[in-house]
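> Take a look and give me a structure for this.
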Amino acid sequence: MTTFRHVPIHLFLPSAATLRSSHTPTSAGSAFLLPCPRFSPHYSLNPAAAQHSPASFLSSSSFLSPPHARLRRGFLQLCRRFPAMAASTQVSIQENKTRLKLEQLNLDNSFIRDLPGDPTTDGPPRQVLHACYTKVSPSALVDNPQLVVWSNSVAELLNLDLKEFERPDFPLIFSGASHLKGSVPYAQCYGGHQFGMWAGQLGDGRAITLGEVLNDQGERWELQLKGAGKTPYSRFADGFAVLRSSIREFLCSEAMDALGIPTTRALCLVTTGKSVTRDMFYDGNPKEEPGAIVCRVAQSFIRFGSYQIHALRGEEDVPIIRTLLDYTIQHHFPHLNSLSSKGEDFSLKPEGLEKPAVDLTTNKYAAWFCEVAERTAVLIAKWQGVGFTHGVMNTDNMSILGLTIDYGPFGFLDAFDPNYTPNTTDLPGRRYCFANQPDVGMWNLAQLGSTLSTANLVNDEEVKYAMAKYGSRFMDEYQSVMTKKLGLPKYNKDLISKLLTNMAIDKVDYTICFRALSNIKTIHDLTDDELLNPLKAALLDISRERKKAWVDWSRQYILELASSGISDEERKRSMDSVNPKFVLRNYLCQSAIDAAEQEDFTEVRRLLEVMQKPYDEQEGREKYARLPPTWAYRPGVCMLSCSS
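A predicted model of the protein is given here:
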């Protein structure tokens, strides 16, 4: 794999010189990011709207119209978290309180309506040619399914009445045993590079999409049952999922959203009442585990591999790439259908380009690829910020919307180790370790760029431009994330590099250390012990030599903080809002799984509650923020295979 890191001290941060190619101050604010605050903090209003005050715009019919639905939702989410923001705008916006029964959901089936499908329905595992999907029926074995846990916030996205979770037939519907009115279930066809090698057809081997819910905000949300039975893409698998992996997927989907990281969501998790055989460690010792199904929710589950499969099947399938991309732009990037060069900046000039600049307004497909690259960069920078390791960054696990997708063997850093991987399959080469994630993102985008080139949708110059945008956007986002995490007035590479080096040498807990930094005061005449006292929860049993390294760093850090002129109290509030106290550590998941396998779902639900407020102190729940116990490092807890 080509690497971009040339600064050993920075460990997991690709070097600015190599990732940027050439960088302009405005490149971070690409106009091609979807107007959603979570995805694009640089979203700007149109010139007409900018003439009005924030209050007048936020209360205007323009703000309440469908084009600004995502902006409105993002603003309302911020207002709920920061009440002072709502007060400062002097505006009160009433949310639409539409609440529907399952039968009343506005279900659409655009994917199967607009795209070529498999003429054969269901059927055994096989190669599905010239198609984007196959219609299938959920076939999981069910015996008195039970609702384990659910997400009220996802229900609100769908306009679903929360009382629907109490329905006796709810577990039947979301195990696939009963039909959801209006749904036409299907499994998507895609391929992918796995560990750098083309794996051919993969597809939804155990995930079955029920349809797309159109909510009252004009948003499209796809419902997908994971573990609902065999599809033509199951290969040698049974199409089922176990409770263990389903709990991990449900909890991490919701935990990542609460952290502010783009992700697929999860509506609910049900047990099937049947057992599933799994060889968790691939050691020839399979065992029976409880079966379960997660209902995943996303605006789209289209992946890089959804396009790749058609590029590598010969000329007859290549036109499907354009068809699928037109569909994608129409439903998920509609702003690209009306590009205009007015006011846009295309001054980024990556090295190696023959032309002085690339004008994306002339090719919506190139503009789309550029936006996907930037979204991917933002996503991975946010992963690095919270110490999240995906574990299986194959191209079939890369979302075109820049979402974290497919939670298999994931992990949050405990003791800081840039080479950490939660995937036993990845141990020999550690291709997908924490340090490599920015590079893998670049490599995966290159494969998508190659696919678009095969279909003659982009040229070489446009591919280079998009790749350069990935590099510059990653650097911008990562530097912004790390600057905020340390409460610095501006980015300080030397200070951050030394901190990460110290953390790696002393195996310091990533989450606890960054959270503790906000307790440091800008007092210059402290003794060495007083200086390190705020970090005592993170610095355990360090030697005298290592203590000096931390003291030296802390004094440099205090000098930098003092230059900002920000009070210690204000800085602490700001830092605590970006450095979580609670993350979904693997041992916490395992504790909840152990109880759930004994049909006690209390801990799963409690853990969901904790992870929905990761930045809050949550008095009385300190145990969820502690260092992992010794037992957490046994096989199957902090190091997991892909078996699920």
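> Can you say which helix or strand has Glu288 in it?
For Glu288, the element it lies in under DSSP states H and E is strand 287-298.
> next one: His331
In the assignment (DSSP H and E), His331 maps to helix 319-332.
> That helix packs against which elements?
Under the contact criterion of 3 or more Cβ pairs under 8 Å, 6 or more residues apart in numbering; DSSP states H and E, helix 319-332 touches helix 110-114, helix 304-311, helix 364-386, helix 437-454. (Glycine included, C-beta is placed from N, CA and C.)
> Mean neighbour count, these: which tops it?
When you average the neighbours per residue for each of the helices and strands packed on helix 319-332 (mean count of other Cβ atoms under 10 Å), helix 304-311 leads with a mean of 26.
> as a whole number, average confidence for that helix?
Here helix 304-311 scores 98 as its mean pLDDT.
> same check, this time on stretch 628-640
For stretch 628-640, the mean pLDDT works out to 67.
> next one: stretch 521-532
Stretch 521-532 comes out at a mean pLDDT of 93.
> Can you check the distance spanned by that stretch, start to finish?
11 Å (Cα to Cα, to the nearest Å).
> Same question for stretch 315-324.
In stretch 315-324, first residue to last residue: 15 Å (Cα to Cα).
> same check, this time on stretch 513-522
So stretch 513-522: terminal residues 18 Å apart, Cα to Cα.
> Now do that stretch: distance to the chain's middle.
Counting by Cα atoms, centre = their mean, to the nearest Å, stretch 513-522 is centred 27 Å from the centre of its parent chain.
> Then stretch 362-378?
Computed by Cα atoms, centre = their mean, the separation of stretch 362-378 from the middle of its chain amounts to 17 Å.
> CA atoms only for it, dumped as PDB, please.
The C-alpha trace of stretch 362-378 is given here as PDB (Å, rounded to 0.1, in the frame of the first residue of the first chain):
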ATOM      1  CA  THR A 362     -18.300  21.100 -16.300                       C
ATOM      2  CA  ASN A 363     -18.600  17.500 -15.000                       C
ATOM      3  CA  LYS A 364     -21.100  16.500 -12.300                       C
ATOM      4  CA  TYR A 365     -19.500  13.100 -12.000                       C
ATOM      5  CA  ALA A 366     -16.100  14.600 -11.200                       C
ATOM      6  CA  ALA A 367     -17.800  16.900  -8.700                       C
ATOM      7  CA  TRP A 368     -19.500  13.900  -7.100                       C
ATOM      8  CA  PHE A 369     -16.200  12.000  -6.800                       C
ATOM      9  CA  CYS A 370     -14.600  15.100  -5.200                       C
ATOM     10  CA  GLU A 371     -17.400  15.400  -2.700                       C
ATOM     11  CA  VAL A 372     -17.200  11.700  -1.800                       C
ATOM     12  CA  ALA A 373     -13.400  12.200  -1.300                       C
ATOM     13  CA  GLU A 374     -14.000  15.100   1.000                       C
ATOM     14  CA  ARG A 375     -16.700  13.300   3.000                       C
ATOM     15  CA  THR A 376     -14.400  10.300   3.400                       C
ATOM     16  CA  ALA A 377     -11.600  12.600   4.600                       C
ATOM     17  CA  VAL A 378     -13.800  14.300   7.200                       C
END
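> can you list contacts of it?
For stretch 362-378, contacts defined as Cβ atoms under 8 Å, 6 or more residues apart in numbering pick out 30, 32-34, 39, 262, 325, 328-329, 333, 336-337, 339, 358, 360-361, 398, 400-402, 441, 444-445, 448-449, 452, 457-459, 462-463, 465-467, 469-471, 473-474, 477.
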